[in-house]
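[1] attaching a predicted model along with its sequence, questions to come.
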Amino acid sequence: MAEYVDAGKAVDWSSLSGVLGSAPPAVRNVSYERILRARSEPQNWLTYFGAYDGQRYSPLEQINVDNVRRLTPAWVFQCGPAGLQAGGSTYAFEASPIVVDGVMYVTGWDGYCWALDAVTGRELWRYKHATPFDTSLCCGNVNRGVAVAHGRVYMVTPNAHVIALDAETGKVVWDRTNGDVRAGESATLAPLIIKDMVIVGSAGGEFGVRGHLDAFDLETGERR
């Protein structure tokens, strides 16, 4: 297997966060078998697309063609940028939130991840990956979301890392490099849980990189 070249180190912003809260253990019992039956839990959104069939369909019926016009915001969560953004490019929210038993997990640009109270929007914890400013990014500093399983939140970062966070505290459990940033590779996708592995892919096609898929052990982070 090829050895990936890291982008170097940056300040661990999560260590500077003033938000050091905790979230309920909602993800502790999320397993591959439970994600397989995701359609039986319409109140939750356990994986990207909502289920493995990829239809993004919800059977919930409280919102319908008759009352949708009466929707109004219940809460707004805002997180302003702090410091320089990697790549010096544009940044935005492009993530589909994951919701498990009242807790929402969502990512932002530049290695941000938050756990929020899905009812009130209150921030429960935040994580900020140390992304070197000179990381090569073509078309915007974005991220598409997380995967959750067995008490952990899995995400990728602009400088091509795969990270497992403790779902209750937001603390790093393991951190693995998944791409060669000096060759133009990065990562933006939402990981996918398959049995005892987390599956991720690479980004950077605009720089002519050869895309790849990798599988990591959920527990240890070992690349399979």
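    Sure, I can see it.
[2] report the separation between the spatially most central residue of the chain and residue 207.
    In the chain, the centroid-proximal residue (CA atoms, centre = their mean) is residue 146; its distance is 2.7 Å. Distance, residue 146 to residue 207, using CB to CB, to the nearest Å: 25 Å. Glycine gets a C-beta too; all of them are placed from N, C-alpha and C.
[3] returning to that earlier point: contact partners for the residue nearest to the centre of the chain?
    Contact partners of residue 146, counting by CB atoms under 8 Å, 6 or more residues apart in numbering, are 95, 98, 105, 106, 107, 113, 153, 154, 155, 190, 191.
[4] out of these, which are inside strands?
    The strands, defined by DSSP state E, take in 98, 105, 106, 107, 113, 153, 154, 155 from those.
[5] low-confidence ranges, the chain, go.
    1-2, 7-20, 81-84, 88 (pLDDT under 70).
[6] just the helices in it please.
    Here the chain has its helices, by DSSP state H, at 32-36.
[7] which parts of stretch 101-110 are buried?
    Under the neighbour-count criterion of 16 or more other CB atoms under 10 Å, stretch 101-110 has 103, 104, 105, 106, 107, 108, 109, 110 buried.
[8] please read the previous query as pertaining to stretch 193-200.
    Buried, per 16+ other CB under 10 Å, within stretch 193-200: 193, 197, 198, 199, 200.
[9] strands of the protein, start to end?
    All strands of the chain, identified by DSSP E, fall at 98-100, 103-107, 112-117, 123-128, 147-149, 152-156, 161-166, 172-177, 192-194, 197-201, 213-217.
[10] wait, which of the ones you listed is closest to residue 24?
    Using CB to CB as the measure, strand 103-107 is the one of these that comes nearest residue 24, at 6.0 Å.
[11] so what sits opposite the nearest residue to residue 143 once chain neighbours are set aside in the bridge?
    Spatial nearest neighbour of residue 143, excluding adjacent residues (CB to CB, 6 or more residues apart in numbering): residue 107 at 4.2 Å. The bridge-partner assignment for residue 107, based on DSSP bridges, gives residue 113.
[12] which residues touch residue 107?
    95, 113, 114, 143, 144, 145, 146, 155.
[13] ok, now with 6 Å
    Residue 107 makes contact with 95, 113, 143, 145, 146, 155 under the criterion CB atoms under 6 Å, 6 or more residues apart in numbering.
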